[in-house]
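Asker: Build me a model:
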Amino acid sequence: MTKNELKRLIVECINEVRIEEGAITAQEMTDSVIGVIKSTIKKLNRQINSLNFKYINIGYEQIQFVADVINKEIDEKLFKTGKIPCVIEFVKIDRNKSSSMVTMGSYNHDTKKIKLNSESYLSIPRRDEDNNYKLRDMTNMNFGAIYDTIEHELIHQQQDERSRGKLKLYDKGYFYLLRKYDSDGDGFLNDDEKKKVTSKDMVIYKKLNSKEIVTKFKTILDKKSIIAPKMSDEEFMRLVKYYNRELELNTYAKDVVNRYVNSVFKDMKRSINWGNLENREYSSDEVKNFVLSPTLNFSGNKIFDVPNDSKGNTYKDYLKGRFKQKIIEYHNGYKYLTVENKKKWWRYVFQLLMNYKFEPIILKK
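Answerer: Next up is the predicted model:
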């Protein structure tokens, strides 16, 4: 066995290793990034509104102006100071023509950068007009969606860092190309090596991947007529493969936890405003107890004894009733998961809920 063949074998073995470590969270780093984005947009608010008023056709040049300012702030305040581990930047991300899904963000294992979709996050398409946008200001920025994407990709960055760059989880088709064209044995194809790949190789690549998917996910593929009857077989197989990747179980568990916690947090504040909960400040521990009440027994905590309806059901009864339904509802890919991966995903959900950093509720003066 040559040295390069040994390197490729090591890479292949590493990709067979299961991820059984505790769930990764990047909440504090994401909080820092969102803080910088919010403060930057706030400073740019007047210029953004001026550009929307001045230009009949807002194009990518104006979107990139806003993106460049935010990118510089993130770079100088967070990346260069070591508060985040990699570059995070808003850039134009071209739509994937082979997929119905829009890429909102990505982490590149080779460049070690996170890219966010500037077109989607920083602008709104004007109705019935191509390449004509309205820039988003503080009133219509979707900070929640940006938050989820940043943390999602930062978790991938942490997975990459903890595996020392070795955890890429290639498929069988890619290993075929590596064995044939990875001349330096570094575990991935550079641009020169990719140029050598023939159309015949790509046919073999697709066949190997399809065979691998059918073998690993037959139980899910057999249920396509129930899960997604109108979807093409190719798109269905792609989604099954994507959502069942070991690397994505953690990220989508955190996405769901963020959405669930925010939803219950808003419910709690509404209940205070409506007089259903005592009008006072609540500590982070009390908020945590409220959010986690469907999963833990917080006996003796009076805030859960308050009736929520005419039948005498309490808030704890209400939260328990909707917990599983909401958690599943918040994960668009749940129906594509195998039984084994559903169990793993739920373990991640519970770990992340228990380790979530909750904010107190402070009354406005």
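
Asker: Could you give me the buried positions within stretch 220-230?
Answerer: For stretch 220-230, the buried set under the neighbour-count rule, 16 or more other CB atoms under 10 Å, comprises 220, 228. Bear in mind the C-beta positions are built from the backbone N, C-alpha and C, glycine included.

Asker: Then stretch 322-334?
Answerer: Buried-residue list, stretch 322-334, by 16+ other CB under 10 Å: 322-323, 326-327, 330-331, 333-334.

Asker: Out of these, which two sit at the greatest distance?
Answerer: Greatest spatial distance among the buried residues of stretch 322-334 (CB to CB): Arg322 and Gly333, at 20.4 Å.

Asker: and the chain, what are its domains?
Answerer: Domain assignment for the chain by automatic domain parsing gives 27-162, 170-233, 246-354.

Asker: CSV for those, including distance to Ile362 and mean pLDDT?
Answerer: What follows is the domains of the chain, written out as CSV (distance: least, CB to CB, whole Å; pLDDT from 0 to 100):
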stretch, distance to Ile362, mean pLDDT
domain 27-162, 17, 90
domain 170-233, 44, 81
domain 246-354, 6, 82
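
Asker: quick one, which of those is nearest to Leu363?
Answerer: That would be domain 246-354 among these, by CB to CB, at 5.4 Å.

Asker: and the end-to-end length of that closest one?
Answerer: One end of domain 246-354 to the other measures 21 Å (CA to CA, to the nearest Å).

Asker: How far does it sit from its chain's centre?
Answerer: Distance, stretch centre to chain centre, for domain 246-354: 19 Å (CA atoms, centre = their mean, to the nearest Å).

Asker: for stretch 153-160, same thing?
Answerer: Distance of stretch 153-160 from the chain centroid (CA atoms, centre = their mean) equals 10 Å.

Asker: can you give me the helices in the stretch 251-365 of the chain?
Answerer: For the stretch 251-365 of the chain, applying DSSP state H, counting those that start in this stretch gives helices covering 284-292, 315-329, 339-354.

Asker: What are the contacting residues of the helix or strand Val203 falls within?
Answerer: Taking DSSP states H and E as the definition, Val203 sits inside helix 199-216. For helix 199-216, contacts defined as CB atoms under 8 Å, 6 or more residues apart in numbering pick out 171-174, 176-177, 180, 221, 237, 240-241, 244.

Asker: In it, which residues are buried?
Answerer: 205, 208-210, 213.

Asker: nearest spatial neighbour of the spatially most central residue of the chain, skipping sequence neighbours?
Answerer: Nearest residue to the geometric centre of the chain (CA atoms, centre = their mean): His152, 3.3 Å. Leaving aside its chain neighbours, His152 sits nearest to Thr251 (4.6 Å; criterion: CB to CB, 6 or more residues apart in numbering).

Asker: quick one: that neighbour and Leu154 touch, right?
Answerer: No - with contact defined as CB atoms under 8 Å, Thr251 does not reach Leu154; the gap is 9.3 Å.

Asker: quick one, which of the two is more surrounded?
Answerer: Legend: neighbour count by other CB atoms under 10 Å for Thr251 and Leu154, higher for Leu154 (26 against 23).

Asker: who touches the more buried one in this structure?
Answerer: Counting by CB under 8 Å, 6+ apart, Leu154 touches 26, 29-30, 84-85, 107, 114.

Asker: and with 7 Å instead?
Answerer: Leu154 is in contact with 26, 29-30, 114, counting by CB atoms under 7 Å, 6 or more residues apart in numbering.

Asker: With secondary structure added, can I get those in JSON lines?
Answerer: Output for the contacts of Leu154, formatted as JSON lines (DSSP: H, G, I helix; E, B strand; the rest coil):
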{"residue": "Ala26", "secondary structure": "coil"}
{"residue": "Met29", "secondary structure": "helix"}
{"residue": "Thr30", "secondary structure": "helix"}
{"residue": "Ile114", "secondary structure": "strand"}
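
Asker: just the residues you listed now: which is nearest Ile58?
Answerer: Lowest distance from Ile58 to those (CB to CB) belongs to Ile114, with 25.2 Å.
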